[in-house]
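Novice: give me coordinates for this.
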Amino acid sequence: IKTNLAFTPDEKFVLIAELNRGQNDMDLNLYETATGNFVRTLFNEKNSKWVEPEHVAFFPNSKSNNFIWISEKDGFNNLYYYSIDGKLIKQLTANKFPTREIIGANPAGTEIYFKATGEKGINMLAYKIDLKGKQTLITKDEGVHNVVISTDGNWFFDEYSNHSTPSKSLFYDKNLKAKTLLESKNKYEGYEIGTAEIKTIKAADGTTDLYTRLIKPSNFDATKKYPVLVYVYGGPHAQMITNSYLDGANLWMYWMAEQGYLVFTVDNRGSDNRGFAFESVIHAKLGNNEIDDQMKGVEYLKSLSYVDGNRLAVHGWSYGGFMTTSLMTRKPDAFKVGVAGGPVIDWKWYEIMYGERYMDTPAENQKGFDEANVTNYAKDLKGKLLLIHGTNDDVVVEQHNLALVKKFVELGKQIDYFPYPMHKHNVLGRDRVHLIQKVLNYVIEYNK
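Specialist: Okay, the predicted model is just below:
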């Protein structure tokens, strides 16, 4: 696998990250631009689980071929400064939280600006670091920040939101003194809209903190018992809960709360922005730890006096569809209703780069593939289940869902299936309204 191509500033060389098919052994290689000839391997990185180069080499100075590489080799994405002959000049950051991306550098190439979560995985902050490793936080408020740097490196434009700030735009000078440009009004003012609570619970390992979001209706009454819709994704490269306005939730979740529901989400181990150990527990056994963590969420919900523990529903799409069908069949007493969209049912039918990074090949990991295959648990389904698929899905092909339907037919189990003709992996446009109505009406109807 050849990926992450970058030209050196003098355009004489190309840097390419080259991975073996197992995606656990990476060489960063240098080639001549003029001839395409291989020059040398700058460095190698191995990991027993996976190596995942996500960012091209970054050249802070347009007059130098020295570059910065983002690597997760110490457990979190950090910045490493290399010479073009592959010598490590300095590990610039050693943060115990992930760098998200490099935003840019000043013209002299002496300061690099980047985004990272900071100590709390639900934030996205901006930092600067010099080539000696002196790191400074640019953004002063917690939240999810989008920062743009002026071409002369003297000004920073920052737009952010957090739990209590709909949107705020600031202008920082090079001394990081801020001036407020714009503070947006809350566009939901005057609407009946509930509240979201962000908390943490312990994962199934007993030690790791997981973020939770619980949305309550505007007329919430703690003396009542509420049904709950659990919204799940649960897979790598995604994070459902963020310290942004509405806390990463969709408006339909707030609508659902107004119908007398609580809407709950937990970002289980395996999800994004928490570092390599947190994410890589899923390796070779997709579903297992994620289900255990989701069940910790169920346990937490049932501990709340205002939750009706007999009326829990679950909904998710894609990896969340895999999680929904897995939860409905592997933990059949937990949920009364499930709605799964575009679910992966058997990982051997999923695309190779993603599938093999996390699961290796069936020949290497047959046990893992069998354990994750939802059809193997179909016999245990108890609740009401609706399966949904775009008939033109080229990400999770419809074969996944239809294989599960076929299994239910063989077992004599009644379930519901709804196709969205000609839609790809996401149902978009005006049909999305139909989809959301379909999902929520199904939950309301059968979770009585």
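
Novice: please point out which parts of stretch 256-264 sit buried.
Specialist: M256, A257, Y261, L262, V263, F264 (16 or more other C-beta atoms under 10 Å). To be clear about C-beta, it is placed using only N, CA and C from the backbone, and glycine gets the same treatment.

Novice: which outside residues touch the helix or strand containing the fifth one?
Specialist: V263 belongs to strand 262-266 when elements are defined using DSSP states H and E. Contacts made with strand 262-266 from outside it, assessed by C-beta atoms under 8 Å, 6 or more residues apart in numbering, are listed as 201, 210-217, 226-232, 240-241, 249, 253-254, 256-257, 293-294, 296-297, 300-301, 306-307.

Novice: go on, stretch 52-66?
Specialist: 3-6, 8-10, 13, 15, 17, 19, 23, 26, 28, 67-72, 77, 81-84, 89, 101-102, 105, 107-110, 112, 131, 357.

Novice: which members of those residues are positioned in strands?
Specialist: 3-6, 13, 15, 17, 19, 26, 28, 67-71, 81-82, 89, 101-102, 105, 112 (DSSP state E).

Novice: helix, strand, or coil at D333?
Specialist: Secondary structure, DSSP: H, G, I helix; E, B strand; the rest coil: D333 is coil.

Novice: nearest residue to it other than its sequence neighbours?
Specialist: K382 (6.8 Å; C-beta to C-beta, 6 or more residues apart in numbering).

Novice: kindly report the same for V307.
Specialist: Nearest in space to V307, with sequence neighbours left out and distances taken as C-beta to C-beta, 6+ apart, is L301 at 4.9 Å.

Novice: how about E197?
Specialist: Nearest to E197 is L214, by C-beta to C-beta, 6+ apart, at 4.8 Å.

Novice: in the helix or strand containing the one you found, what's buried?
Specialist: Per DSSP H and E: L214 is located in strand 209-216. By 16+ other C-beta under 10 Å, the buried positions in strand 209-216 come out as L210, Y211, T212, R213, L214, I215, K216.

Novice: contacts for that strand next, please.
Specialist: Counting by C-beta under 8 Å, 6+ apart, 121-122, 194-203, 240-241, 247-249, 253-254, 256-257, 262-269, 293, 296-297, 300 sit against strand 209-216.

Novice: give me the buried subset of the residues you listed.
Specialist: 121-122, 194, 196, 198, 201, 203, 240-241, 247-249, 253-254, 256-257, 262-269, 293, 296-297, 300.

Novice: what are the bridge partners for T200, then?
Specialist: Y211 (DSSP bridges).

Novice: can you show me the strands along the stretch 101-250 of the chain?
Specialist: 111-116, 125-130, 135-137, 144-149, 156-162, 165-172, 178-183, 195-202, 209-216, 226-231 (DSSP state E, counting those that start in this stretch).
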